[in-house]
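A.B. asks: test case, fold it:
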Amino acid sequence: MVIRAVLWDIDDTIFDYSGADRVGMRTHLELEGLPDGYGSVEQALVAWRAITDVHWARFAAGETDFLGQRRDRVREFLSRALDDAEADDWFARHAAHYEAAWSLFPDVLPVLDRLAGRFRHAVLSNSSIHNQDRKLRVLGVRDRFEAVVCAVELGVSKPEPGAFHAACDALELEPYEVAYVGDEPDIDAVGATAAGLAGIWLDRQERGGRPELVRISGLDQLPGLLAGDTRFGALDTFG
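C.D. replies: Down below sits the predicted model:
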């Protein structure tokens, strides 16, 4: 079994989502003022991330739609009963600052260059094609990926096998011919492996503690891992 393609997560894998979200929200709060109930900007930033995680999980589980999770995040964060238009307007003002902070992680372009010509590349994201295709174009890497497959349009999200299989179908490859790289151990690495792909956990924060997973702590380790292939048997070599 030979790996022929790499399937990529986007947020916090190739794109520094957490960094951009934090910088964007900090700027937004400095301009709009700290909402009631928060003692500091730092406290508000922690709360925003926790609220985002909760409502994103609701979206991934099919309990709400993409816009619904976003509006609910704003309402909970502000502790206010906003109508949809008010929530959308508040989020749009935040999004302008968030997008101004967009950047790739420094190791992304070097590793894409090293893997070019040896592996095909595509994206599987739990977001929407509108958001992620645009993001990749703004970041200047959309042409690096043959396909961008997103949960909103699929109607199924990671870690469900159907999401991974849809991305493999877009590449016209079998799951065992594809490696998946993502920053979430369960949603990405476990989900991909269960679907028959070679799941790789990109543990940028070096959380560790998951010896059953193939783990790297930076993308500079990925070419060596793929070169060794054999379904990545020597886990201790990486990260």
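A.B. asks: just the buried residues of the host helix or strand of Asp113, please?
C.D. replies: Asp113 belongs to helix 108-115 when assigned by DSSP states H and E. By neighbour count on 16 or more other C-beta atoms under 10 Å, the buried set for helix 108-115 is 108-109, 111-112, 114-115. C-beta: built from backbone N, CA, C; applies to glycine.
A.B. asks: and which of these is nearest to Leu171?
C.D. replies: Leu115 (14.7 Å; C-beta to C-beta).
A.B. asks: what's near enough to touch the closest residue in space to Phe164 that isn't next to it in sequence?
C.D. replies: Of all residues not flanking Phe164 in the chain, Ala195 sits nearest, at 3.8 Å (C-beta to C-beta, 6 or more residues apart in numbering). The contact partners of Ala195, by C-beta atoms under 8 Å, 6 or more residues apart in numbering, come to 161, 163-165, 175.
A.B. asks: how is this protein divided into domains?
C.D. replies: 5-16+103-237, 17-100 (automatic domain parsing).
A.B. asks: ok, which stretches of the protein are strands?
C.D. replies: 5-8, 120-125, 148-150, 178-182, 198-202, 215-216 (DSSP state E).
A.B. asks: make CSV out of those and add mean neighbour count.
C.D. replies: CSV is the format used below for those (neighbours: other C-beta atoms under 10 Å):
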stretch, mean neighbour count
strand 5-8, 26
strand 120-125, 24
strand 148-150, 22
strand 178-182, 26
strand 198-202, 26
strand 215-216, 22
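A.B. asks: out of the ones you listed, flag the one nearest Trp56.
C.D. replies: Proximity to Trp56 (C-beta to C-beta) singles out strand 120-125 among the strands of the chain, at 11.9 Å.
A.B. asks: and that closest one, how far from the chain's centre?
C.D. replies: The chain centre lies 12 Å from the centre of strand 120-125; the measure is C-alpha atoms, centre = their mean, to the nearest Å.
A.B. asks: which neighbouring elements make contact with it?
C.D. replies: With contacts defined as 3 or more C-beta pairs under 8 Å, 6 or more residues apart in numbering; DSSP states H and E, the packing partners of strand 120-125 are strand 5-8, helix 129-138, strand 148-150, helix 161-171.
A.B. asks: tilt between the helix ranked longest in the chain and helix 161-171?
C.D. replies: Longest helix in the chain by number of residues (criterion: DSSP state H): helix 41-60. Counting by axes from the mean of the first three to the mean of the last three C-alpha atoms, to 10 degrees, helix 41-60 lies at 80 degrees to helix 161-171.
A.B. asks: could I get the average pLDDT for helix 41-60?
C.D. replies: Across helix 41-60, the average pLDDT comes to 92.
A.B. asks: show me what it is packed against.
C.D. replies: Using 3+ C-beta pairs under 8 Å, 6+ apart: helix 41-60 touches helix 17-32, helix 66-78.
A.B. asks: list the buried ones in the longest one?
C.D. replies: By 16+ other C-beta under 10 Å, the buried positions in helix 17-32 come out as 17, 20-29.
A.B. asks: need the max-distance pair from the residues you listed.
C.D. replies: Maximum pairwise distance among the buried residues of helix 17-32 (C-beta to C-beta): 18.1 Å, between Tyr17 and Leu29.
A.B. asks: low-scoring stretches of this structure, by residue?
C.D. replies: Residue ranges of the chain with pLDDT under 70: 229-239.
A.B. asks: now do 50
C.D. replies: 234-239 (pLDDT under 50).
A.B. asks: circling back to that earlier point, and the buried residues of helix 17-32, which is closest to Asp84?
C.D. replies: Nearest to Asp84 among the buried residues of helix 17-32: His28, at 19.3 Å, using C-beta to C-beta.
A.B. asks: list the residues that contact that closest one.
C.D. replies: The contact partners of His28, by C-beta under 8 Å, 6+ apart, come to 93-94, 97-98.
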